[in-house]
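Participant: output the structure for:
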Amino acid sequence: MSTSRTLASTSWFRRLATRRLAVAFLPLMLAACALDGETPADPAKSLVMPSHWDATSTQGGAKDGTTQTVAVTTDAAAWPTTDWWSGFNSPELTQLLAQARADNPDLGAAAARIAQAEAQAEISGASLWPSVQLGLSSTRSGSRNIKGSAAAGLNGAVPLSDYAGNVHQASLSASYEIDFWGKNRATRDSAQFSLDASRFDSETVALSLSSNVAATYFQILAIRDRLAVARGNLENAEHVLSLIDARVQAGADSQLDLVQQRSIVATQRAAVPALEQQERTQLNALAILLGRAPEGFTVQAKGLADVQPPALGTGVPAELLTRRPDIRFAEAQLAAAGADIKVARTQMLPSVTLNASTGVEAATLAHLVNAPTLLFSLGGEIAQSLFSGGRLEGQVHQAEGRHRELAEDYRKAALSALSDVESAVYSIDRYQDQYGLQKDAVAQSQRAFELAEDRYRGGLTDLQTLLDTQRTLLSTQDTLAQVKLSRVQASVSLFKALGGGWQDDGSSFLSQAKAAR
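Facilitator: So this is what the prediction gives:
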């Protein structure tokens with residue numbers, strides 16, 4: 001009877017304790033549900049993307065200088081391909097880009113950042129699994145009565161209070177935090193989103209690298225075109241100088257005319273080294289982009305004559321959000337910040353940890369194998385912060401502020417991408433028109449110079465008219481070389497603005513998380 005009363009009393013006490021424990025943690029559970037439901041708004045859903053582009057593009061150009069106008073196509077197939085540079089029909093550019101992707105230091109550093117992010121994601125995911133440890137220990141401990149030791153020195157007896165012994169242990173322990181509130185999953189998700197951000201950042205670096213290599217390469221070719229123009233006009237100026245010298249010798253012109261033309265020749269001769277210096281500077285910059293020393297580096301192409309801007313298409317604006325790695329980078333950072341908010345909020349809730357260990361113990365190593373003493377323990381721990389001086393609340397507010405900041409960064413990245421495309425398309429259109437008009441200006445200037453030279457030789461016009469047509473020809477030819485450069489660089493800018501043909505293949509953690517919603 002006494003035993004049954006004791007059991008009943010114990011059972012009642014356990015039920016009472018369980019109920020009180022449940023009542024005590026009920027508000028915390030409700031708070032956890034409330035915190036979990038406060039998900040930050042997705043700025044991509046509130047971002048209004050235009051249905052079409054305002055700018056229209058003049059695409060390509062015929063080799064005879066005529067303008068070939070093509071309306072912008074918005075078909076999916078119109079987006080650039082990942083090897084967009086092949087459209088410029090320059091095998092040397094393709095070779096240079098392959099070398100840059102293999103050896104560029106910035107791209108190598110981006111790959112190293114990805115490796116770090118992968119390791120961090122692995123570390124963060126470990127909290128979802130139990131921690132298991134194996135331990136082996138050997139200890140010798142004891143005590144000695146100091147006064148007794150002194151007495152032992154007199155009569156040779158060992159005091160009973162002196163003791164020394166060995167303890168050998170082998171143990172296996174495990175610990176696991178139950179992820180009631182999703183804190184560990186949110187920590188893992190944050191690390192996975194950050195890993196995506198590192199990968200998208202690497203793609204952004206690769207895209208910038210490709211466009212910089214192409215732009216620098218074309219700039220070198222344009223400088224060589226300008227050098228050819230400068231040297232050709234220097235020959236024209238020297239030819240005019242010889243003509244004036246002959247007329248001075250014949251008494252038809254004055255020494256002033258001769259000195260004036262010598263000044264023009266000297267000025268044009270001085271312009272050549274300045275352009276050569278610009279060429280060398282750009283060659284050095286291109287060598288660094290390729291990850292090699294600039295000594296002895298050069299490119300083979302002589303100018304932009306064989307470079308034709310490829311046909312272009314821009315797709316539809318809304319798809320730009322998935323085709324620009326920098327926008328995806330901003331989106332991944334925003335997603336990581338959202339997971340960090342959940343982590344910060346769950347820090348305010350109780351944590352539950354289970355612990356278990358087992359092992360054997362013996363006084364000697366032989367007994368550890370043959371006759372050990374079995375040890376074990378099972379337990380659990382519930383920990384709840386009661387007062388932190390506002391630290392936990394501050395962490396939540398900090399995470400929420402960080403999320404708002406990155407939401408604005410994401411919106412800015414999307415708007416900047418739209419602006420980049422519009423500006424690039426408009427520039428292509430205007431530079432193509434300018435290129436055709438400038439070619440006509442060069443042809444007219446060339447004809448005017450030839451007529452002025454013939455009339456001057458025949459004494460039908462004065463020297464000033466000849467010099468004016470000579471300067472105009474030099475200016476229009478140099479401007480044409482710069483317009484040709486601007487035209488191809490605008491195409492490079494459009495390829496970059498459209499993401500260079502890159503798009504997320506759906507394998508990222510960010511894409512999978514969005515698909516699961």
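Participant: just the strands from this structure, written as ranges.
Facilitator: 131-143, 163-178, 351-362, 373-383 (DSSP state E).
Participant: what comes up buried for the third one?
Facilitator: Of the residues in strand 351-362, those with enough neighbours to count as buried (16 or more other Cβ atoms under 10 Å) are 351, 352, 356, 357, 359, 360, 361, 362. C-beta: built from backbone N, CA, C; applies to glycine.
Participant: re the thing from before, can you list the strands of the chain in a markdown table and add distance to residue 308?
Facilitator: Formatted as a markdown table, the strands of the chain follow (distance: least, Cβ to Cβ, whole Å):
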| stretch | distance to residue 308 |
| --- | --- |
| strand 131-143 | 63 |
| strand 163-178 | 63 |
| strand 351-362 | 65 |
| strand 373-383 | 70 |
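Participant: need the winner for burial among those strands.
Facilitator: Among the strands of the chain, strand 351-362 has the highest mean neighbour count (mean count of other Cβ atoms under 10 Å), at a mean of 16.
Participant: run through who's touching it.
Facilitator: Taking contacts as Cβ atoms under 8 Å, 6 or more residues apart in numbering, the residues outside strand 351-362 that touch it are 135, 167-178, 180, 183, 368, 371-384.
Participant: one more time with 7 Å
Facilitator: Contact with strand 351-362 is made by 167-178, 180, 368, 371-383, as judged by Cβ atoms under 7 Å, 6 or more residues apart in numbering.
Participant: ok, stretch 393-411 next?
Facilitator: By Cβ under 7 Å, 6+ apart, stretch 393-411 touches 40, 43, 47, 330-331, 333-334, 337-338, 340-341, 344-345, 347.
Participant: apply 10 Å and report the result again.
Facilitator: 35, 38, 40-44, 46-47, 190, 321, 327-348, 388, 390 (Cβ atoms under 10 Å, 6 or more residues apart in numbering).
Participant: stretch 254-268 now?
Facilitator: 230-231, 233-245, 247-249, 253, 462-464, 466-467, 470-471, 474.
Participant: where exactly do the helices run in this protein?
Facilitator: For the chain, helices defined by DSSP state H occupy the ranges 2-37, 43-46, 91-103, 105-125, 146-155, 183-249, 255-289, 320-323, 325-346, 365-370, 391-457, 463-497, 509-516.
Participant: hey, which of those is tucked in deepest?
Facilitator: Of the helices of the chain, helix 325-346 is the most buried (mean count of other Cβ under 10 Å), at a mean of 24.
Participant: list the helices and strands it packs on?
Facilitator: Applying 3 or more Cβ pairs under 10 Å, 6 or more residues apart in numbering; DSSP states H and E, one finds that helix 325-346 makes contact with helix 2-37, helix 43-46, helix 183-249, helix 320-323, helix 391-457, helix 509-516.
Participant: recalculate using a threshold of 8 Å.
Facilitator: Contact here means 3 or more Cβ pairs under 8 Å, 6 or more residues apart in numbering; DSSP states H and E; on that basis helix 325-346 packs against helix 2-37, helix 183-249, helix 320-323, helix 391-457, helix 509-516.
Participant: most centrally placed residue in this protein?
Facilitator: Among the residues of the chain, the one closest to the centroid is residue 201, at 2.1 Å (Cα atoms, centre = their mean).
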